[in-house]
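Asks: Build me a model:
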Amino acid sequence: MNGRTGDDPASLCTDPVSRLLVSAAFTTIRERYVQARHQIAAAILDADQGIHLGLHVDAMVGRAAVCAEAGALSAARLATNAPLIAVAAVRYPKPTESCGARIVPPCGLCRELLLDHAPDVRAVIVNGLYARLVPLAGLLPHKYVGTKWPANPSRP
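Replies: A predicted model of the protein is given here:
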């Protein structure tokens with residue numbers, strides 16, 4: 001990253017989908033950042049080209065916090081039943097940090113959650129100097145498979 005909080009990490013993206021999602025997440029967190037409250041924003045793209053945003057909501061009790069990806073997934077499912085194509089998340093730096101905003105991968109819980117609802121979703125991941133889309137399932141090779149839902153739930 002270039003080191004300034006205003007630098008859009010979308011400049012690291014090698015394809016238009018990654019660039020679009022990272023830019024949307026960056027704009028959201030830049031506008032909504034509140035120290036110790038909101039530090040990450042996420043954007044999800046659906047098959048109809050809709051972009052759905054989510055904001056990390058921190059809590060005094062850490063377990064009560066909500067990840068940005070979960071918020072974006074909820075927003076997507078409120079808006080459409082279209083398949084979800086890709087997700088990106090951007091972390092805004094704390095005032096004490098000298099680095100700029102950066103692309104972050106979904107945490108383990110969000111990987112599980114996203115794959116429950118979008119088994120073919122891809123995520124924007126930084127690999128070296130560039131960011132690219134990778135199948136999220138590749139980042140969670142041994143996903144939990146329970147008996148709560150059918151293996152291939154049908155959509156209404």
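Asks: Need the three-state assignment for residue 26.
Replies: helix (DSSP: H, G, I helix; E, B strand; the rest coil).
Asks: Skip the chain neighbours and tell me the closest residue to it.
Replies: residue 90 (4.6 Å; Cβ to Cβ, 6 or more residues apart in numbering). From N, CA and C alone the C-beta is placed, and that goes for glycine too.
Asks: Quick one: residues contacting that neighbour.
Replies: 9, 22, 25-26, 28-29, 40-42, 101-104 (Cβ atoms under 8 Å, 6 or more residues apart in numbering).
Asks: ok, which stretches of this structure are strands?
Replies: 40-46, 51-55, 84-91, 102-104, 122-127, 130-135 (DSSP state E).
Asks: pLDDT (mean, whole number) over the third one?
Replies: Right, the one you point to is strand 84-91. The average pLDDT for strand 84-91 rounds to 98.
Asks: what do you get for the fifth one?
Replies: Confidence for strand 122-127, expressed as mean pLDDT, is 96.
Asks: buried ones in stretch 120-128?
Replies: Within stretch 120-128, the residues that count as buried by 16 or more other Cβ atoms under 10 Å are 121, 122, 123, 124, 125, 126.
Asks: how about the helices in this protein?
Replies: Using DSSP state H, the helices of the chain run over residues 16-32, 68-79, 108-117.
Asks: Out of the ones you listed, the one nearest residue 131 is which?
Replies: Closest to residue 131 of the helices of the chain is helix 16-32 (Cβ to Cβ; 5.6 Å).
Asks: other SSEs contacting that closest one?
Replies: For helix 16-32, the elements it packs on are strand 40-46, strand 51-55, strand 84-91, strand 122-127, strand 130-135, judged by 3 or more Cβ pairs under 8 Å, 6 or more residues apart in numbering; DSSP states H and E.
Asks: Mind listing residues that contact it?
Replies: 5-6, 8-10, 12-13, 38-45, 51, 53, 55, 68, 85-92, 101, 103, 124, 131-133.
Asks: picking that back up, can you flag the buried ones in the contacts of residue 90?
Replies: 9, 22, 25-26, 28-29, 40-42, 101-104.
Asks: Out of those residues, which is nearest to residue 78?
Replies: So of these, ranked by how close each gets to residue 78 (Cβ to Cβ), first place is residue 42, at 14.8 Å.
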